[in-house]
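Visitor: no sequence for this one, just the structure:
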């Protein structure tokens, strides 16, 4: 049985405040984006597993909620010391020399600029400026994609940065029929696209696969994936994450999600794979099928059929 007091990777959207309002945003981030209090952030950190190999902090735009970000970094440092790699995803718009120095001082060792595409306000126009800024601080730019390989965060942490952006095929919020992407009708209408089977999807969130064992917290909602199930697995403000993980690990539904196979997650309830695939094709998106499944067939809170 897996020890969930050790988590390989945690992706935490601690704020949905943002300086931009991208059409493809899956969590409705923007100048009026949802936020949680500093006390709630501290409660969440207190409820995290005893050991985490890496924490990825994201938003929203983390630097738009800078005071809270600094508090979180200080508290993570107090809890984990140097044993946990801290990674920051930012659009880079608000990054300055002073802020970068502070982030490095507070323990961030990996920076990902997630805005180098035509969907963000500045459309990647600051890339060369950002590159020069990182170079001036000795932050290495050779590690292009450290998120997939487990070795990248099990080895000693060195300062590095990379960049990526949304495309029609991948890492566009429209892959996930969620938030503003759904409102603006830019979600990916491809019933054969199984986001669940890749990193940031649900595959491996319980462990035991080739992908890092990663869970997601959206503000306070504990999820098996970044888009999140329609209802959360638990509330990180009030529950120990390890308790939530131990609970859902017993569920055949979540075991199937852990395999990256949302089309068979209802088999134990009598919802066939053929039925799931038929509905996915009608809905045109795997996330919309997942929503329907948890709406109609399965109670996440009780972990039993509805």
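Guide: Noted; the coordinates are in hand. In this text the structure is predicted, and so the values were computed from the model without any measurement.
Visitor: Look up how far residue 295 lies from the residue sitting furthest away from the middle of the chain.
Guide: Computed with Cα atoms, centre = their mean, the residue of the chain farthest from its C-alpha average is residue 270, at 30.6 Å. Here the criterion is Cβ to Cβ, to the nearest Å. By it, residue 270 lies 16 Å from residue 295. Yep, even glycine has a C-beta here, placed from its N, CA and C like the rest.
Visitor: Check residue 19 too.
Guide: Taking Cβ to Cβ, one finds residue 19 at 34 Å from residue 295.
Visitor: related to what we said a few turns ago, quick check, pLDDT for the residue farthest from the centre of the chain.
Guide: pLDDT for residue 270: 97.
Visitor: same thing with residue 165?
Guide: Looking at residue 165, its pLDDT is 69.
Visitor: Same check on residue 77?
Guide: pLDDT, residue 77: 97.
Visitor: Check the one 10 residues further on too.
Guide: With respect to pLDDT, residue 87 scores 95.
Visitor: which residues in this structure form strands?
Guide: With strands called from DSSP state E, the chain shows them at 6-13, 51-58, 85-90, 108-113, 160-163, 214-218, 221-223, 234-235, 298-299, 304-305.
Visitor: Residue 280 is nearest to which of the ones you listed?
Guide: Distance to residue 280, taken as Cβ to Cβ, is lowest for strand 298-299 among these, at 16.1 Å.
Visitor: quick one: residue 52 and residue 12 touch, right?
Guide: No - taking contacts as Cβ atoms under 8 Å, residue 52 lies outside contact range of residue 12: 10.1 Å.
Visitor: Okay, domains of the chain per the record?
Guide: Annotated domains of the chain cover 6-247, 250-305 [automatic domain parsing].
Visitor: Lowest average pLDDT across the ones you listed?
Guide: Looking at the domains of the chain, the bottom one is domain 6-247 with a mean of 89.
Visitor: now do the same end-to-end measure for that one.
Guide: 15 Å (Cα to Cα, to the nearest Å).
Visitor: Could you do stretch 231-240 as well?
Guide: 17 Å.
Visitor: Give me the contacts around it.
Guide: 36, 40, 43-44, 47-48, 217-218, 220-224, 241, 243-244, 247-248, 254, 294, 300-301 (Cβ atoms under 8 Å, 6 or more residues apart in numbering).
Visitor: So for stretch 208-228, what gets flagged as buried?
Guide: Within stretch 208-228, the residues that qualify as buried are 211-228, counting by 16 or more other Cβ atoms under 10 Å.
Visitor: Thought residue 28 was touching residue 34, still the case?
Guide: Yes - using Cβ under 8 Å, residue 34 makes contact with residue 28 at a distance of 7.3 Å.
Visitor: Need the residues touching each of the two.
Guide: residue 16.
Visitor: Give me the more crowded residue out of the two.
Guide: Higher neighbour count among residue 34 and residue 28: residue 28, with 18 against 15, using other Cβ atoms under 10 Å.
Visitor: show me what contacts the more buried one?
Guide: By Cβ under 8 Å, 6+ apart, the neighbours of residue 28 are 16, 34, 179-180.
Visitor: what do you get if the cut-off is 6 Å, keeping everything else the same?
Guide: Going by Cβ atoms under 6 Å, 6 or more residues apart in numbering, residue 28 touches 179-180.
Visitor: Same check on residue 255?
Guide: Going by Cβ under 6 Å, 6+ apart, the list of residues near residue 255 is empty.
Visitor: how much space between it and residue 112?
Guide: Using Cβ to Cβ, residue 255 is found at 30 Å from residue 112.
Visitor: One more: residue 262?
Guide: 27 Å.
Visitor: More neighbours: which of these two?
Guide: residue 262 (28 against 20).
Visitor: if I look at that one, how far off is residue 255?
Guide: From residue 262 to residue 255 the distance is 12 Å (Cβ to Cβ).
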